[in-house]
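1. Fold the following and give me the result.
(chains A, B, C, D, E and F)
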6 protein chains.
Amino acid sequence: MNIAVFAGSFDPITRGHESIIRRAIPLFDKIIIAIGHNADKTGYFPLENRLKWIKEVFKDEASISVESYNGLTVDFCKEKKAGYLIRGLRTSADFEFERSVAQVNSRLNPELETVFMLTLPEHVMITSSIVREVHRNGGDIRQFIPEKIQI
Amino acid sequence: MNIAVFAGSFDPITRGHESIIRRAIPLFDKIIIAIGHNADKTGYFPLENRLKWIKEVFKDEASISVESYNGLTVDFCKEKKAGYLIRGLRTSADFEFERSVAQVNSRLNPELETVFMLTLPEHVMITSSIVREVHRNGGDIRQFIPEKIQI
Amino acid sequence: MNIAVFAGSFDPITRGHESIIRRAIPLFDKIIIAIGHNADKTGYFPLENRLKWIKEVFKDEASISVESYNGLTVDFCKEKKAGYLIRGLRTSADFEFERSVAQVNSRLNPELETVFMLTLPEHVMITSSIVREVHRNGGDIRQFIPEKIQI
Amino acid sequence: MNIAVFAGSFDPITRGHESIIRRAIPLFDKIIIAIGHNADKTGYFPLENRLKWIKEVFKDEASISVESYNGLTVDFCKEKKAGYLIRGLRTSADFEFERSVAQVNSRLNPELETVFMLTLPEHVMITSSIVREVHRNGGDIRQFIPEKIQI
Amino acid sequence: MNIAVFAGSFDPITRGHESIIRRAIPLFDKIIIAIGHNADKTGYFPLENRLKWIKEVFKDEASISVESYNGLTVDFCKEKKAGYLIRGLRTSADFEFERSVAQVNSRLNPELETVFMLTLPEHVMITSSIVREVHRNGGDIRQFIPEKIQI
Amino acid sequence: MNIAVFAGSFDPITRGHESIIRRAIPLFDKIIIAIGHNADKTGYFPLENRLKWIKEVFKDEASISVESYNGLTVDFCKEKKAGYLIRGLRTSADFEFERSVAQVNSRLNPELETVFMLTLPEHVMITSSIVREVHRNGGDIRQFIPEKIQI
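-> Next up, the predicted model:
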């Protein structure tokens, strides 16, 4: 059984995340969307909301579950018997960062493979950090987050 | 009438900024240099000084005005009836970041166009952040800031 | 009077080119779309067709004219009294190349300024070279070229 | 059934290619390694040899087959009922190019998804073009090509 | 006498740092490994430990000394009569950053030359920041730091 | 004795090349500027001229010699007992290419180290290929080539 983890802070989930995950569904038997968090660093949106929003978005997808974790992503994957990490790639700056992370993960757990999918052109400019910035300044974020949720 | 906004924190204004703005003057009827700031995050140099320095540099340019704003840049542009944002490009890392910001601005206000000009080769290494770092450590920043001002 | 040149081989013109030019119209009094060519290197599509297609696309735009030239772009600009070059930016690889060209042009003619605009996200993947590749292999290129023309 | 195509010119196959394909095996029911070629442009190594070498490398992998094709990759995928393209990513320059190709393919066939995997650090410098260059100059290419073959 | 400085925060020293320094030894008469620090910003590991670890790693290298400094790197180099800065390059993102720093240093002290060496492929993913992240989460960092030390 | 090779096609030598080499002189006992060429691919300028120009530029530098070679650069270095390759870095696109070449050279000859120096900001836009392009179109290339030579 091919189990994949899509890890992130999802603060908040964006249309970019949603699209990557939907396109990954046919490739894996099970996908765990995992919100990494730690006690010291609280997010912009509360963890419970972030979990709730993701569950709402994917409530009709049987192979998708949502969890939070702390500690190393590789340890979470091992615990979940996940052999794959899914990552979206937006830009070449993204790529350089993602490559380092994936290579370190692969050194920490050689069994863990990272699979990348492309962010759609119309989502390339969307990052959680930009969504927070717009939200903080009272702008309208609806076009950046999944249609199914309200923030 | 073509009105453009050149927004930034200008903490402090550099020779790179100055050169971009001077070269943009013939393209626009009016250019507003706009210092974005927010209550929570004070700069390295006080806002009043940053405003004063920019006014000093461009005091002989009739089409240039200087203001501060808070909130989203797109909202400031709308309020000022500005149809253009001017940005300088230094490096390809710059470009990736600027492209995301411009694309988000264009999604928030499709009427707003971002126009880019190249930083001159001799200014490519100058950023406000590097100027602050040199200043903080007691180095001489005169060659990095406009000739007309003293910091 | 602000005169700009948008130079390229336009082999063929794409939706990306079209969009950049349309968005540049309000910034300049006159825009010359200039097809660079040289005797030794014939294009994939004949020069006459490339000229004809561009004229067709912009036939309703009074400020736009279309010409071909050979020799250095800076010399063509001087002859046309153009003070600006317009360029589209797609990716950071683009940027590195465009920066070199613009800096060389600026060294050959310090009066000539290059102004950059962003390719729209939905056009980022379109280059003339990719359009030719699809065409050569019998694929349908209609979604990549301006709606007004047939190739 | 998930069918994937790994297309390229494989002139010749490298250790980088081999590693990507081996790591992709568990993800797909069937992988077709497809050598794109066209009548006008012969490779450095004859097509038959390139096919033979790949078959040799993967002769023990039941889910892998090797074919050659001409025309558009998207058409070949449609013919083979393949829903996925597999690509390796080495560097950020690679990424920019691969993104354009994947986005064009996705425009030509929206059902076709491109899945990327990372080249291992020790293979990042290996490209077919560098292998040919070393071979042409009489250098030893054995450390760059799969262990199972001799060229 | 060619004196070089290899400056950084070394929080902690990695195998990547170690390899760059070892390969630089034959090029210079003397290499000073210099830990930049400032009173306001304490590191993850205490300064004394960072100094001790580096001394341990290079205790058999007569041409290498280890020091800490605060203030500008160019001032430290002048004080030490060092004409060279040594830097490792991992990725193109690294390069853009390093180029800016080197160009600013060269503007502050035109006598100071920066010499770059490549991080080995198997070390490209290792940064001090990633080592700290793994350490903070209880992971095993031994494969990322020099063999001779224990952290 | 530290012997370094600065290899290239130098078609023609530029101010960028000249500056890198001059700054490398104090680092090495001997620098061999080596023009790689092969029988099949003649350059834009004849090999004899390219050799003559470089000799002219460095005629007062006792540690510099000029040669041509064919075959692999690593083999030439071995023959000359050179332990270092010197390379200039202009842009991040450059860097990605240079890294691959250096890593392959290091695989072919693990004793050979590549040392990189930065192109000066005012030379970043200068490449031999751009100089040829300007020359071919009758432009003035004097500001791009060493002051001491005439082409």
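
2. Spell out which parts of chain A neighbour chain B.
-> Residues of chain A found near chain B (CB under 8 Å from any CB of the partner chain) are A:91-93, A:124-127, A:130, A:134, A:137-140, A:143-144. For glycine as for every other residue, the C-beta is placed from the backbone atoms N, C-alpha and C.

3. End to end on stretch A:62-82, go ahead and measure it.
-> Length of stretch A:62-82, first residue to last, CA to CA, to the nearest Å: 17 Å.

4. chain center to it: distance?
-> The chain centre lies 12 Å from the centre of stretch A:62-82; the measure is CA atoms, centre = their mean, to the nearest Å.

5. mind listing what's buried in that stretch?
-> A:64, A:66, A:69, A:72-77, A:80, A:82 (16 or more other CB atoms under 10 Å in any protein chain shown).

6. before we move on, what about stretch A:1-18?
-> For stretch A:1-18, burial by neighbour count (16+ other CB under 10 Å) applies to A:3-18.

7. so the nearest residue to residue A:80 once chain neighbours are set aside, which of the three states?
-> Excluding the flanking residues, the one nearest residue A:80 by CB to CB, 6 or more residues apart in numbering or on different chains is residue A:32, at 5.8 Å. Classification of residue A:32 by DSSP: H, G, I helix; E, B strand; the rest coil places it in strand.

8. List buried members of the residues of chain A next to chain B by neighbour count.
-> For these, a neighbour count by 16+ other CB under 10 Å gives the buried set as A:91-93, A:124-127, A:130, A:134, A:139, A:144.

9. quick one: average confidence on stretch A:67-75?
-> If you average the pLDDT over stretch A:67-75, you get 96.

10. What of stretch A:135-151?
-> The average of the pLDDT scores along stretch A:135-151 is 96.

11. can you name the two of the buried residues of stretch A:62-82 that are farthest apart?
-> A:64 and A:72 (22.5 Å; CB to CB).

12. count of neighbours near the residue nearest to residue A:80?
-> Residues lying near residue A:32 (other CB atoms under 10 Å in any protein chain shown) number 21.

13. For the residue in chain A that chain E sits nearest to, give me the pLDDT.
-> Residue nearest to chain E within chain A: residue A:103 (3.6 Å; CB to the nearest CB). Residue A:103 carries a pLDDT value of 97.

14. List the residues that contact it.
-> Going by CB atoms under 8 Å, 6 or more residues apart in numbering or on different chains, residue A:103 touches D:118, D:121, E:124-125.

15. In which helix or strand does residue A:107 reside?
-> Residue A:107 belongs to helix A:92-108 when assigned by DSSP states H and E.

16. how far away is the closest residue to residue A:29 other than its chain neighbours from chain C?
-> Nearest non-adjacent residue to residue A:29, counting by CB to CB, 6+ apart: residue A:1, 4.6 Å away. Distance, residue A:1 to chain C, using CB to the nearest CB, to the nearest Å: 35 Å.

17. so residue A:1 touches residue A:31, yeah?
-> No. If you go by CB atoms under 8 Å, residue A:1 and residue A:31 don't touch, sitting 11.8 Å apart.

18. Now do the same contact list for the closest residue to chain C within chain A.
-> Per CB to the nearest CB, residue A:121 is where chain A lies closest to chain C, at 4.4 Å. Going by CB under 8 Å, 6+ apart, residue A:121 touches C:121-122, C:124-125, D:103.

19. Please repeat the previous calculation with a cut-off of 6 Å.
-> Residues near residue A:121 by CB atoms under 6 Å, 6 or more residues apart in numbering or on different chains: C:121-122, C:124.

20. what's the answer for residue A:122, then?
-> Counting by CB under 6 Å, 6+ apart, residue A:122 makes contact with residue C:121.

21. Which parts of chain A are helices?
-> Using DSSP state H, the helices of chain A run over residues A:15-24, A:47-57, A:73-79, A:92-108, A:128-136.

22. buried sites along the longest one?
-> When burial is assessed from 16+ other CB under 10 Å, helix A:92-108 yields the following buried residues: A:92-96, A:98-108.

23. Let me know the angle separating that helix from helix B:92-108.
-> Angle of helix A:92-108 versus helix B:92-108, following axes from the mean of the first three to the mean of the last three CA atoms, to 10 degrees, is 110 degrees.

24. Helix A:92-108 versus helix E:128-136: what angle between them?
-> 40 degrees.

25. Then the last one?
-> Interaxial angle of helix A:128-136 relative to helix E:128-136 (the same axes, to 10 degrees): 90 degrees.

26. pLDDT wise, what is whichever residue of chain A sits closest to chain B at?
-> Closest to chain B within chain A is residue A:125: 3.5 Å, counting by CB to the nearest CB. Residue A:125 is assigned 96 on the pLDDT scale.

27. swap in residue A:37?
-> Per the predicted model, pLDDT is 89 at residue A:37.

28. what are the phi and psi values for it?
-> For residue A:37, the backbone dihedrals are phi -150, psi 160 (criterion: degrees, to the nearest 10).

29. Quick one: neighbours of it, just the number.
-> 18.

30. wait, what's in contact with it?
-> Neighbours of residue A:37 in contact, by CB under 6 Å, 6+ apart: A:47, A:68, A:70.

31. Switch those residues over to a markdown table; also include distance to residue E:86.
-> Shown next, in a markdown table, are these (distance: CB to CB, whole Å):
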| residue | distance to residue E:86 |
| --- | --- |
| A:47 | 44 |
| A:68 | 43 |
| A:70 | 38 |
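
32. and which of the residues you listed is nearest to residue F:42?
-> Nearest to residue F:42 among those, counting by CB to CB, is residue A:70 at 63.7 Å.

33. right, and that closest one touches residue A:35 too?
-> No. Using CB atoms under 6 Å, residue A:70 is not in contact with residue A:35; the gap is 9.7 Å.

34. For chain A, which residues are neighbours of chain E?
-> Residues of chain A lying close to chain E (CB under 6 Å from any CB of the partner chain) are A:71-72, A:96, A:100, A:103-104.

35. Pull the most distant pair out of those residues.
-> Maximum pairwise distance among those (CB to CB): 24.9 Å, between A:71 and A:96.

36. Is it correct that residue A:95 is in contact with residue D:93?
-> No. With contact defined as CB under 6 Å, residue A:95 does not reach residue D:93; the gap is 9.8 Å.

37. Quick one: residues contacting the nearest residue to residue A:6 once chain neighbours are set aside.
-> The shortest distance from residue A:6 to any non-neighbouring residue, by CB to CB, 6+ apart, is to residue A:86 (4.5 Å). The contact partners of residue A:86, taken as CB under 6 Å, 6+ apart, are A:4, A:6, A:24, A:115.

38. could you redo the last one with a cut-off of 8 Å?
-> Residue A:86 is in contact with A:4-6, A:20-21, A:24, A:28, A:31, A:114-117, counting by CB under 8 Å, 6+ apart.

39. Output the residues you listed as JSON lines; include the columns pLDDT.
-> Formatted as JSON lines, these follow (pLDDT from 0 to 100):
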{"residue": "A:4", "pLDDT": "98"}
{"residue": "A:5", "pLDDT": "98"}
{"residue": "A:6", "pLDDT": "98"}
{"residue": "A:20", "pLDDT": "98"}
{"residue": "A:21", "pLDDT": "98"}
{"residue": "A:24", "pLDDT": "98"}
{"residue": "A:28", "pLDDT": "98"}
{"residue": "A:31", "pLDDT": "98"}
{"residue": "A:114", "pLDDT": "98"}
{"residue": "A:115", "pLDDT": "98"}
{"residue": "A:116", "pLDDT": "98"}
{"residue": "A:117", "pLDDT": "98"}
